[in-house]
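Participant: how would this look folded up:
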Amino acid sequence: MSAYVQPAALANSAKLNRSWVTKAAALGLVNPSTLDGEDLIVVRVFAFVDQLVWPGKSRSRSEARVMEPWQSLAVNAARAAARDPATRLDSILWVAPDGVEVTHEPGAHSAFVLGRPRSMFVAVPLGEWIAELPPNLETLFHWPRQIMESSVAVDDSTTVSLRAFSTVPRLVTVFASTVAPLQEAAYAKVIQHVTAQQPGLTIRLIEWLSPNTRSQWAELYELPGGGLVRRPLDRSTLLDEFGPQLKRLTPGTA
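Facilitator: I've put the predicted structure just below:
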């Protein structure tokens, strides 16, 4: 469960005017005395659908705000998704005049779109919004915490940038950012450096190469008899594991 925050802080985290929190509270969508991460998602979706006017419809700015059925469905679906273990980074909330639907993977996204030819709908990137929740307001996604940012010179001309994240207990995942694949000697220096900084932890090393390479990420393993093995990793898998942390990484330079 995420921590409680004040209305002004929640509005600021949602990048909205505080009036949206007040409006949501007046409609009974949130309780201003117990605001948390779920409420932030609810308020953000409420502000979006409240300003959405379908083609052929009109609404006076002066008329009283009464939530239409599709708006209520959208807000309720957003709260349900914020606590649903099936929700992923790429989950989408589809909003239409006649109802809403949440899909969690590309195949389901395509099926929704293909199943509604000539229909009006909008896509809300709900998974991304949930992933953007600030620390202490997470609902479903508890992204690994960064515990180290450093660099190590592996030879006279190459420095590898390192960022380490706490994942499962006693394990640290280290992203080694470089423009060329690490060789055994460089790998050993990186492991030695991280061990000195984070003693007593098992190290998982992920090599992050220049974006110009075909395989940008690879998990490295040292063979008992010497040599390294690379297991390619795809971006979607890493996004599911590290979420917005992945976007903060930058390629190293040689």
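
Participant: CA only for contacts and neighbour counts going forward, please
Facilitator: Noted.

Participant: Where do the strands of this protein begin and end?
Facilitator: Along the chain, counting by DSSP state E, strands occupy 92-96, 99-103, 122-124, 145-153, 159-166, 171-177, 202-208, 217-222, 228-233.

Participant: Which of those sits closest to Asn76?
Facilitator: Across the strands of the chain, Asn76 has its closest neighbour in strand 99-103 (9.8 Å, Cα to Cα).

Participant: The closest one packs against which elements?
Facilitator: helix 69-82, strand 92-96 (3 or more Cα pairs under 8 Å, 6 or more residues apart in numbering; DSSP states H and E).

Participant: Check these for me and report the most buried one.
Facilitator: strand 92-96 (a mean of 22; mean count of other Cα atoms under 10 Å).

Participant: Give me the angle between that one and helix 69-82.
Facilitator: 170 degrees (axes from the mean of the first three to the mean of the last three Cα atoms, to 10 degrees).

Participant: Give me the mean pLDDT for stretch 144-158.
Facilitator: Stretch 144-158 comes out with an average pLDDT of 87.

Participant: now for it, what's the gap between its first and last residues?
Facilitator: End-to-end distance for stretch 144-158, by Cα to Cα, to the nearest Å: 28 Å.

Participant: returning to that earlier point: give me whichever of the strands of the chain is most buried.
Facilitator: strand 171-177 (a mean of 24).

Participant: so what strands line up beside that strand?
Facilitator: Applying DSSP bridges, strand 171-177 is found paired with strand 159-166 (antiparallel), strand 202-208 (parallel).

Participant: and those, which one's lowest on average pLDDT?
Facilitator: strand 159-166 (a mean of 90).

Participant: Return that strand as CSV; C-alpha atoms alone will do.
Facilitator: Backbone C-alpha positions of strand 159-166 (Å, rounded to 0.1, in the frame of the first residue of the first chain) are rendered in CSV as follows:
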residue,chain,number,x,y,z
THR,A,159,35.8,3.9,-18.8
VAL,A,160,32.6,1.9,-18.1
SER,A,161,29.7,3.7,-16.5
LEU,A,162,27.9,1.7,-13.8
ARG,A,163,24.5,1.9,-12.2
ALA,A,164,23.4,-0.7,-9.7
PHE,A,165,19.9,-1.5,-8.6
SER,A,166,18.6,-3.5,-5.6
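
Participant: and it, how far from the chain's centre?
Facilitator: With Cα atoms, centre = their mean, to the nearest Å as the basis, strand 159-166 stands 20 Å off its chain's centre.

Participant: again, but for stretch 6-14
Facilitator: 19 Å.

Participant: partner residues bridging Ser177?
Facilitator: Ser161, Trp208.

Participant: thinking it is in contact with Glu207, fair?
Facilitator: Yes. Using Cα atoms under 8 Å, Ser177 is in contact with Glu207, at 6.2 Å.

Participant: quick one: stretch 223-234 to chain centroid distance?
Facilitator: With Cα atoms, centre = their mean, you get 28 Å for stretch 223-234.

Participant: Not counting that stretch itself, show me its contacts.
Facilitator: With contact meaning Cα atoms under 8 Å, 6 or more residues apart in numbering, stretch 223-234 is reached by 183-184, 215-222.

Participant: Also stretch 20-36?
Facilitator: So stretch 20-36 is contacted by 2-7, 10-11, 39, 42-43, 46-47, 137 (Cα under 8 Å, 6+ apart).

Participant: So which residues make contact with stretch 94-107?
Facilitator: With Cα under 8 Å, 6+ apart as the criterion, stretch 94-107 contacts 54, 69-70, 73-74, 77, 81, 86-88, 90-93, 109, 120-124.
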